[in-house]
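Engineer: structure for this input, please:
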Amino acid sequence: GKDRIIFATKEDHETPSSAELVADDPDDPYEEQGLILPNGDINWNCPCLGGMASGPCGEQFKSAFSCFHYSTEEIKGSDCVDQFRAMQECMQKYPDLYPQEDEEEEKEKSSKDLEANSMEASVAKEEKGSS
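Structural biologist: Below is the predicted model of the structure:
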């Protein structure tokens with residue numbers, strides 16, 4: 001793992017530290033530099049990806065994301081449908097790792113949105129009519 005536990009004795013603390021700080025290397029691909037590295041490559045270690053690049057569907061995610069990132073189509077990513085479909089099919093096999101929004105929640109949400117929109121529309125009509 002990334003963490004390491006070191007036990008220090010009382011004697012260890014009695015002498016001055018000999019640790020040296022090393023300046024960060026801006027070209028180190030393992031440093032957290034954001035999504036795109038200075039050379040234009042995708043930083044698969046970026047925490048902004050939420051670990052999607054690893055796990056059982058990591059390869060499908062990388063394929064779809066790379067395709068989208070490098071897409072030069074008029075509608076960006078329109079040439080990546082197959083890769084995104086493969087990623088989605090993979091994710092559906094692992095619902096515990098990649099939870100989908102519940103269909104019932106989705107229906108409730110869309111009906112509430114519909115109600116809110118129709119209320120806003122009727123209020124707008126009343127305001128127009130009264131001026």
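
Engineer: now the helices for this structure?
Structural biologist: Remark: helices assigned in the chain by DSSP state H are 10-14, 58-70, 81-92, 103-129.

Engineer: if you average pLDDT over each of those helices, which comes out lowest?
Structural biologist: Lowest mean pLDDT of the helices of the chain: helix 103-129, a mean of 57.

Engineer: burial count for the nearest residue to residue 49 once chain neighbours are set aside?
Structural biologist: Distance criterion C-beta to C-beta, 6 or more residues apart in numbering; nearest residue to residue 49, sequence neighbours excluded, is residue 35 at 7.4 Å. Bear in mind the C-beta positions are built from the backbone N, C-alpha and C, glycine included. Neighbours of residue 35 under the rule other C-beta atoms under 10 Å: 13.

Engineer: how near is residue 35 to residue 72?
Structural biologist: Residue 35 is 19 Å from residue 72, where distance means C-beta to C-beta, to the nearest Å.

Engineer: the residue nearest to residue 49 reaches residue 46, doesn't it?
Structural biologist: Yes. Under the criterion of C-beta atoms under 8 Å, residue 35 makes contact with residue 46 at 5.0 Å.

Engineer: next up, the contacts around the closest residue to residue 71 other than its chain neighbours.
Structural biologist: In this structure, residue 71 finds its nearest non-sequential neighbour in residue 77, 4.9 Å apart by C-beta to C-beta, 6+ apart. By C-beta atoms under 8 Å, 6 or more residues apart in numbering, the contact list for residue 77 reads 67-68, 71, 84.
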